[in-house]
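*Asks:* Fold the following.
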Amino acid sequence: MKLPKSRAGLGNRRRAWESSRMPVAIRFYDVVLSVHIFAVVVAFGVVFAYPVIDAQIKRANPEQLPALHRLHLVLAQKVITPAMAVVLLAGVYLAIDRDLFSKVWVSVPLVIIFVLFGLTGGVLTPTDRKLAELAERDLAAGAGFSGEYKAQEVRAAQFGSLALLLVVVAIFFMTTKPGGY
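*Replies:* This is a model prediction of the structure:
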C-alpha cells in the first residue's frame, strides 16, 4: 500500500530532523578534550596580552610596574601553572585513550609543555619577582629605572617571547597533525 504524498513527505522530514539532532550520549573523551582546550585558553590566553599590557603600563603609569610584576607572579601561581597542569593531565589521558604517544603531533607538544613548566618556574617567575623588587627600589630612589632593571626586563621579554612561540608551535602541531592521525 502506497502512502499518500502528505504522509510520505512527513516521513522524510522526520528522518531529516532525527538525523540532524545532537547525539544523546557525550563521550568522556570529548569532555576531556573540551577540558584540555579550555585549559589551554586559560593558561595561555592572558599571556598573549602581556606585551600590550606591559607596554601600556610602562608608558602611562610606570609607578605601577611593581604591581604589574606582582600580578604576573599571582597569575603564574594561581592561574597559568595550575591550568598548564590540567593541559598536561588531560592531554596525557587523551593520548593514552587513543594510543597516540608515537604521533609527532602529540610528542612535540608534550615536550613543549614540559619546557613551558621549566621556563615558568625556572626563569619567568623568578625574573618577575626580581623585576618587582628592582622596580620598587628604583622608584623609591627616584632616578629612573636602573640598568639592572632594564637587563631583567629584556630577559623577561626574550624568555616570554620564547614561551609564546612554543605555545604557537604546540597549537600548530595539535591542529594540523603532521604525520596523520
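*Asks:* all contacts plus neighbour counts: C-alpha atoms, from now on.
*Replies:* OK.
*Asks:* my read: residue 101 touches residue 109, true?
*Replies:* No: here residue 101 does not reach residue 109: they are 10.6 Å apart, not a contact under Cα atoms under 8 Å.
*Asks:* For residue 163, which residues are in contact?
*Replies:* Shown in contact with residue 163 (Cα atoms under 8 Å, 6 or more residues apart in numbering): 116, 119.
*Asks:* and residue 101 and residue 109? which has more neighbours close in?
*Replies:* Between residue 101 and residue 109, residue 109 has the larger neighbour count (other Cα atoms under 10 Å), namely 22 against 15.
*Asks:* Next one, pLDDT for that one please.
*Replies:* Per-residue pLDDT puts residue 109 at 98.
*Asks:* same thing with the one 10 residues further on?
*Replies:* In the predicted model, residue 119 carries a pLDDT score of 98.
*Asks:* host element of it?
*Replies:* Secondary structure from DSSP states H and E places residue 119 in helix 104-119.
*Asks:* Okay, buried residues for that helix please.
*Replies:* Within helix 104-119, the residues scored as buried using 16 or more other Cα atoms under 10 Å are 104-110, 112-113, 116-117, 119.
*Asks:* Which residue would you name as the spatial centre of the chain?
*Replies:* Closest to where the C-alpha atoms of the chain average out (Cα atoms, centre = their mean) is residue 44, at 2.7 Å.
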